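Chemist: Build me a structure from this.
(one chain, ligands or ions: 1)
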Amino acid sequence: MKSIGVFDSGVGGLTVAKELIRQLPNENIVYFGDTARVPYGIKSRETVIRFSIENILFLLKQDVKLICVACNTASSFALPVIKNHFRVPIVGVITPGVREAVYASKNKRIGVIGTKGTIKSRTYETEIKQLDPKVKVTAAACPLFVPFVEEGWLKGEVVLSVVKTYLKPLRQAGVDTVILGCTHYPLLAPVIQEVLGKDITLIDSAKQVAFEVKKILASEDMLQRSKGGKHRFYVSDNPEWFSSLAERFMGRQLKDVRKVENV
Ligand code: DGL
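Modeler: Model (predicted):
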C-alpha cells in the first residue's frame with residue numbers, strides 16, 4: 001500500500017501532517033523532518049533546492065504515491081524548479097494558500113509573512129499576481145517567530161512586542177488578509193490576530209493543502225479505500241527533540257520517531 005510522503009525542514013510540517021491525517025484517515029503517511037539541517041529559512045536558494053531534492057529522493061525510496069512539501073521555504077525556492085522532474089505528483093503549500101487568500105480578500109490588499117528565504121523568493125507575490133494582478137502584496141520576514149514557537153513562547157510581552165514590530169508594514173498597508181506563510185506561524189495566530197485586529201482574515205494553508213492532496217489522489221484514482229492509515233516519522237537528527245515538540249504541533253505524542261543516517 002503506497003503512502004503519501006511529507007517533508008519539512010523539521011517539526012513545523014506536522015501542522016500539515018495533522019490536517020492530512022484528519023482529512024485522509026485511511027492514507028499511510030511517511031513524514032521526514034530534516035532536523036539535522038534545520039532551519040531552511042535562512043539558507044540560500046541553491047542549498048534549499050539541494051536539500052529538497054535529497055528529501056524527495058529519500059521519500060521516493062519509501063514507496064510514496066504523492067509528495068507534499070510542507071515547508072514554505074522549500075516550496076518557495078525549490079518547487080518552481082523541481083516540480084515536474086519526478087514521477088509522482090508534488091504538492092507545495094504556496095498555491096493552496098494563495099488561492100484561499102485571493103478569494104478571501106475584499107480590498108485586494110494581502111499581507112504575506114514568512115521566513116527570510118520565503119519572502120526573498122517572492123514566490124507568494126508572483127503567484128498572487130498571476131491569479132489577480134490587481135492585488136497589492138505587502139510581505140514581511142519574521143525570523144524570530146520560528147524560535148519563539150519552538151521554545152513555546154506563544155504569548156506574553158516580548159512576543160507581543162516583536163509581533164507588533166514585524167507586522168507594522170502590514171498594518172500600514174491596510175491589508176485585510178494575511179497569509180501565515182510558514183509552518184510555525186499558525187501557532188502564533190492568536191497573538192497575530194490580536195495585533196492585526198479581529199476583522200483581518202488569517203490564512204493557514206494546511207487545510208487547503210490537504211484538500212488539494214485529496215483532490216489529486218481522487219482524480220488519479222489513488223485514494224486508499226481500506227481503513228486505518230499508518231503513520232511513520234523519520235528525522236535526520238535528534239528524534240527526542242522532535243518527539244518533545246510534536247505534541248505542540250500535532251496535538252498528540254509521537255513515540256516511534258526514527259533517525260535516518262544518510263538522506
Ligand atoms: N519550515 C520552515 C518554513 O515553513 C520554517 C522553519 C525553517 O526555517 O526551516 O518556512
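Chemist: what are the ranges of the helices in the stretch 51-200 of the chain?
Modeler: Using DSSP state H, counting those that start in this stretch, the helices found in the stretch 51-200 of the chain span residues 72-77, 79-82, 94-104, 116-121, 123-131, 145-150, 157-173, 189-196.
Chemist: Buried deepest among these, which one?
Modeler: Across the helices of the stretch 51-200 of the chain, the average number of neighbours (mean count of other Cβ atoms under 10 Å) peaks for helix 72-77, which reaches a mean of 31. Quick note: C-beta positions are derived from backbone N, CA and C, even for glycine.
Chemist: so does that one get close to the ligand?
Modeler: Yes - judged by Cβ under 6 Å from any ligand atom, helix 72-77 comes into contact with the ligand through 72-73.
Chemist: tell me what that helix is packed against?
Modeler: On a contact count with 3 or more Cβ pairs under 8 Å, 6 or more residues apart in numbering; DSSP states H and E, helix 72-77 meets helix 45-61, helix 94-104, strand 109-114, helix 116-121, helix 123-131.
Chemist: Just tell me which of the helices of the stretch 51-200 of the chain ends up closest to I216.
Modeler: Comparison of the helices of the stretch 51-200 of the chain against I216 by Cβ to Cβ identifies helix 94-104 as nearest, at 11.3 Å.
Chemist: quick revisit: mean pLDDT and distance to the ligand for the helices and strands packed on helix 72-77 - can I get that in JSON lines?
Modeler: Below are those laid out as JSON lines (pLDDT from 0 to 100; distance: least, Cβ to the nearest ligand atom, whole Å):
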{"stretch": "helix 45-61", "mean pLDDT": "97", "distance to the ligand": "9"}
{"stretch": "helix 94-104", "mean pLDDT": "97", "distance to the ligand": "10"}
{"stretch": "strand 109-114", "mean pLDDT": "98", "distance to the ligand": "6"}
{"stretch": "helix 116-121", "mean pLDDT": "98", "distance to the ligand": "5"}
{"stretch": "helix 123-131", "mean pLDDT": "98", "distance to the ligand": "11"}
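Chemist: want to try a markdown table for the ones you listed, with distance to K83 as columns?
Modeler: Listed next are the helices and strands packed on helix 72-77 as a markdown table, based on distance: least, Cβ to Cβ, whole Å:
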| stretch | distance to K83 |
| --- | --- |
| helix 45-61 | 10 |
| helix 94-104 | 10 |
| strand 109-114 | 19 |
| helix 116-121 | 14 |
| helix 123-131 | 12 |
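Chemist: Of those, which is nearest K18?
Modeler: Smallest distance to K18 across these (Cβ to Cβ): 15.4 Å, for helix 94-104.
Chemist: And for the closest one, what's in contact with it?
Modeler: With contacts defined as Cβ atoms under 8 Å, 6 or more residues apart in numbering, helix 94-104 is touched by 72, 75-76, 79, 110, 123-124, 127-128, 131-132, 135, 177, 179, 181, 201, 203-205, 208-209, 211-212.
Chemist: Quick check: residues of the chain near the ligand?
Modeler: Contact residues, the chain versus the ligand (Cβ under 6 Å from any ligand atom): 8-10, 12, 38-41, 71-73, 115, 118, 146, 182-184.
Chemist: could the helices of the stretch 51-200 of the chain go into a markdown table alongside distance to V16?
Modeler: Formatted as a markdown table, the helices of the stretch 51-200 of the chain follow (distance: least, Cβ to Cβ, whole Å):
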| stretch | distance to V16 |
| --- | --- |
| helix 72-77 | 10 |
| helix 79-82 | 14 |
| helix 94-104 | 10 |
| helix 116-121 | 15 |
| helix 123-131 | 17 |
| helix 145-150 | 15 |
| helix 157-173 | 23 |
| helix 189-196 | 15 |
